[in-house]
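Novice: I need the structure of the sequence given here:
(2 chains)
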Number of protein chains: 2
Amino acid sequence: MKIYLAGPDVFLPDAIEVGQCKRSLCERYGAVGLFPLDNAVDLAAATASMQIFRGNRAMMDEADAIIANLTPFRGPSADAGTVYELGYMAGRGKLCLGYSNDPLPYRDRVAKTHLVSSSEGILFDEAGLVVENFNLVDNLMIVHGLDLHGCPLVVPDIAPADPWHDLAAFETCVRLVASRRA
Amino acid sequence: MKIYLAGPDVFLPDAIEVGQCKRSLCERYGAVGLFPLDNAVDLAAATASMQIFRGNRAMMDEADAIIANLTPFRGPSADAGTVYELGYMAGRGKLCLGYSNDPLPYRDRVAKTHLVSSSEGILFDEAGLVVENFNLVDNLMIVHGLDLHGCPLVVPDIAPADPWHDLAAFETCVRLVASRRA
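Specialist: Predicted coordinates for the structure are as follows:
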């Protein structure tokens, strides 16, 4: 069982070490973790970003499953690149799992950085756009995509002190993949 | 040719009218636009969000192509639900198009709301996470996903005054879909 390890983890200053930890956890459960940074790319090359895309897509096509780190990234939702990859794997019929180390509902996270008001039971931000209010942790396409293409989103009861390095929710996902196979 | 019309347009106060405008533009070019809000759902029902997901997925499975509104939404990147749908359609082998009404590179948009610093040619935000710096308008998975699964991202030279209602870039996408078919 090969698992594509998606997430903004690749943007961490210690991304290589985090990837190694994730791969080791996969190994412990008898799976092989494929981490995007394993694609060697010359970042100075003019074609670097396309090389990374092609490398990631080839890894996804090779994998049987995805575990996506959907912890909010520079905004109230998950990292856009990770979400693209989750959708891609769902479209390819692969087993889809994900976790978020922030258990707050999406609407509460939006309210932290936007002026949210209510009118006739519907929430709006200050620009007048509706705020999704289904008591879900992120956009419904992400949450129900996981429900129907794999396992429900894994979320801790309380946000860990270091959401970018705490791998408890990630390990739960690995265990779920392993139990699916057994 | 059926085109799934993805985007945070569904969150606009005049979403129904915007969807109607988009459908009319599709019709003008001989295509059929499928707009997510066309799924009638009782928002008060406990299963409302799952009904919306199933409706959107059925529409995507029915469509031959997607035109995704990737204008940044509540952060420096596109709307997470829209990005999921773009990835899903790429995974299903459908024709993928998208537009963004904000032509700024991603790194410049991040710099508007985050303290960005440079070290040895790499950009970091205040949390120490790397800022993608490939001179692309959004995450490379989105931009190159379009390059390889459809047409390059359509972006105006200058951001329109009303990015949520200006449909010039959208119309360019419809024209591109129509020319693909011709």
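Novice: only C-alpha atoms from now on, for both contacts and neighbour counts.
Specialist: Will do.
Novice: how close does A:G150 get to B:A58?
Specialist: 18 Å (C-alpha to C-alpha, to the nearest Å).
Novice: the two: who's more crowded?
Specialist: A:G150 (22 against 12; other C-alpha atoms under 10 Å in any protein chain shown).
Novice: and that one, what's its pLDDT?
Specialist: With respect to pLDDT, A:G150 has a value of 97.
Novice: and the residue nearest to it when sequence neighbours are not counted, what element?
Specialist: Distance criterion C-alpha to C-alpha, 6 or more residues apart in numbering or on different chains; nearest residue to A:G150, sequence neighbours excluded, is A:C96 at 4.5 Å. Taking DSSP states H and E as the criterion, A:C96 maps to strand A:95-99.
Novice: so which elements touch that strand?
Specialist: Contacts defined by 3 or more C-alpha pairs under 8 Å, 6 or more residues apart in numbering or on different chains; DSSP states H and E place strand A:95-99 against strand A:65-69, helix A:80-91, helix A:140-149, helix A:168-181.
Novice: how far is the helix or strand just after that strand from where the chain is centred?
Specialist: Once strand A:95-99 ends, the next helix or strand along the chain (criterion: DSSP H and E) is helix A:106-113. Distance of helix A:106-113 from its chain centroid, counting by C-alpha atoms, centre = their mean, to the nearest Å, is 19 Å.
Novice: let me know the angle separating helix A:106-113 from helix A:140-149.
Specialist: Computed by axes from the mean of the first three to the mean of the last three C-alpha atoms, to 10 degrees, the angle separating helix A:106-113 from helix A:140-149 equals 150 degrees.
Novice: describe which strands the next helix or strand along the chain from helix A:106-113 pairs with in its sheet and in which direction.
Specialist: Per DSSP H and E, helix A:106-113 leads on to strand A:117-119 as the next helix or strand towards the C-terminus. Note on strand A:117-119: by DSSP bridges, its sheet partners are strand A:122-124 (antiparallel).
Novice: any chance you could list what contacts the strand it pairs with?
Specialist: Applying C-alpha atoms under 8 Å, 6 or more residues apart in numbering or on different chains, the set of residues contacting strand A:122-124 from outside is A:V116, A:S117, A:S118, A:V130, A:V131, A:E132, A:N133.
Novice: next one: the residue lying farthest from the centre of chain A, what pLDDT does it get?
Specialist: Farthest-out residue of chain A from its mean C-alpha position, per C-alpha atoms, centre = their mean: A:E120, at 33.2 Å. Here the pLDDT value assigned to A:E120 is 89.
Novice: check A:R180 too.
Specialist: Model confidence at A:R180 (pLDDT) stands at 85.
Novice: same check, this time on A:N39
Specialist: For A:N39, the predicted pLDDT is 69.
Novice: what does A:V83 give?
Specialist: A:V83 is given a pLDDT of 98.
Novice: need the residues of chain A near chain B, please.
Specialist: A:11-13, A:49-50, A:53, A:74-81, A:83-92, A:128-131, A:134, A:139-142, A:144-145 (C-alpha under 8 Å from any C-alpha of the partner chain).
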